[in-house]
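A.B. asks: my questions are about this predicted structure, shown below with the sequence.
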Amino acid sequence: MLLEGLVHLLFLGLLPLEGGSLATLRAVHPALRQVATPLIRSLCSIESTDPGRTLSFPSTTSLELCSCNLAELDMMELSGLRHLTHLDILGCSDLVGGGLPALALFQHLAFLGLRGQNLHAATPPIGWTSASSLLALDLGQTDVADACANAILRGHPRLVSLDLSSCPRLTGGGLLDGVWPSALSTLSLRDCPLLRDACIVEVTRLRGICSLDIGMCEEVTDEGALAISGMRSLVRLNVEGCFRIRAPGVCFFARLPTLEVLDISRGRREPDDALAPLAAFPSLVHLHGGGSSGVSDGVLSGLARHSRLSSLVLDGNPNISDDSLAALVSLTTLSSLAIRMACLWAS
């Protein structure tokens with residue numbers, strides 16, 4: 001009870017901010033699992049000591065409620081924060097899909113985080129927010145399936161960033177018939193175990209994608225890598241743990257003229273000088289070649305002559321020698337080198 005009282009005092013102490021000076025509210029304390037409903041009511045409409053007078057936070061634009069005991073009725077209470085542009089209810093697993101339609105009341109919402117929610121009960125799957133405002137959506141670690149994801153994409157044509165990482169029911173099959181938002185530039189499909197090359201081929205039709213994360217999608221092969229090589233606007237690419245993408249598939253990425261950041265770590269590849277074309281990547285600035293990425297001495301020798309590389313990660317790489325690291329001295333653009341737990345050997 002004492003802890004609950006302290007939590008209430010924390011927010012009641014904000015009352016002098018009436019009039020709009022409070023921009024961000026964060027409620028992440030574990031004690032909030034017991035006081036979520038009364039706290040949310042106090043945030044949205046706090047009764048003043050003066051009869052008939054209400055204190056509120058009209059200027060609040062960002063609200064983060066993580067791991068709180070959030071119920072469906074609480075979502076209706078939250079609608080009192082009319083100016084929210086950023087709402088993150090990460091890990092509020094007690095909020096089932098039935099409470100999500102209340103999100104349509106937020107007319108200015110640009111970012112919505114629903115990571116860890118039970119979305120399979122959401123009806124309807126679209127209309128959670130104003131389609132004209134939402135720019136970024138995080139559905140990571142949810143049970144969202146293809147049909148629901150497809151409907152979300154259709155309902156929010158202005159999305160710029162979409163996170164569908166760690167969605168075990170997502171196969172990509174339902175997405176093939178979807179209408180992807182034309183403005184989408186950042187997409188994460190990381191750790192979706194059922195995704196295959198066919199879905200990656202469909203994703204590559206999004207010519208505006210600048211950042212793509214398919215790390216730990218273990219069914220993606222060199223065929224998917226070949227399709228990715230046609231994404232001419234790609235700046236960041238993560239294929240960490242995609243062990244079915246072999247050295248020839250990695251080399252396909254050399255065709256990406258604007259690629260600056262590449263993660264090929266943990267690929268279960270043997271040391272292979274066939275990755276030497278990495279040195280020819282025209283725009284490469286950051287390379288993560290840690291673990292069993294296949295990066296070998298021959299690859300490092302070529303990278304030593306790279307004209308732009310500024311960051312190199314070789315953590316846990318067992319295939320590099322002292323001499324190859326010494327050769328990197330000539331890489332004058334290098335500002336960051338990580339070799340933690342790397343197995344160095346004398347050549």
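C.D. replies: Arrived safely, thanks for sending. Numbering: from 1, shown residues only.

A.B. asks: and the helices in the stretch 101-250 of the chain?
C.D. replies: Using DSSP state H, counting those that start in this stretch, the helices of the stretch 101-250 of the chain run over residues 146-155, 197-203, 222-228, 247-251.

A.B. asks: dump those to CSV, plus mean pLDDT.
C.D. replies: Below are the helices of the stretch 101-250 of the chain laid out as CSV (pLDDT from 0 to 100):
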stretch, mean pLDDT
helix 146-155, 79
helix 197-203, 89
helix 222-228, 97
helix 247-251, 94
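
A.B. asks: where are the low-confidence patches of the stretch 1-150 of the chain?
C.D. replies: Residue ranges of the stretch 1-150 of the chain with pLDDT under 70: 1-59, 67-77, 79-80, 91-101, 119-131.

A.B. asks: what's the closest of the helices of the stretch 101-250 of the chain to Ser165?
C.D. replies: helix 146-155 (12.3 Å; CB to CB). The C-beta positions use only the backbone N, C-alpha and C, and glycine is treated the same way.

A.B. asks: residues contacting the nearest residue to Ser307 once chain neighbours are set aside?
C.D. replies: Among residues not flanking Ser307 along the chain, Thr333 sits closest, at 7.0 Å (CB to CB, 6 or more residues apart in numbering). Shown in contact with Thr333 (CB atoms under 8 Å, 6 or more residues apart in numbering): His306, Ser307, Arg308, Leu309, Ser310.

A.B. asks: surely Thr333 is in a helix?
C.D. replies: No - counting by DSSP: H, G, I helix; E, B strand; the rest coil, Thr333 falls outside a helix, being coil.

A.B. asks: quick check: the gap between it and Trp180.
C.D. replies: Distance from Thr333 to Trp180, counting by CB to CB, to the nearest Å: 36 Å.

A.B. asks: and the contacts of Thr333 as CSV, adding neighbour count and pLDDT?
C.D. replies: Converted to CSV, the contacts of Thr333 look like this (neighbours: other CB atoms under 10 Å; pLDDT from 0 to 100):
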residue, neighbour count, pLDDT
His306, 22, 88
Ser307, 11, 84
Arg308, 13, 92
Leu309, 22, 94
Ser310, 17, 95
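
A.B. asks: just these: which are in strands?
C.D. replies: Among the contacts of Thr333, DSSP state E puts none in strands.

A.B. asks: determine which two of those residues are furthest apart.
C.D. replies: Using CB to CB, the pair of the contacts of Thr333 lying farthest apart is Ser307 and Ser310, separated by 10.6 Å.

A.B. asks: domain ranges for this structure?
C.D. replies: When the chain is parsed with automatic domain parsing, its domains come out as 21-136, 185-347.

A.B. asks: closest one to Ser165 among those?
C.D. replies: Nearest to Ser165, of all the domains of the chain, is domain 185-347, at 3.9 Å by CB to CB.
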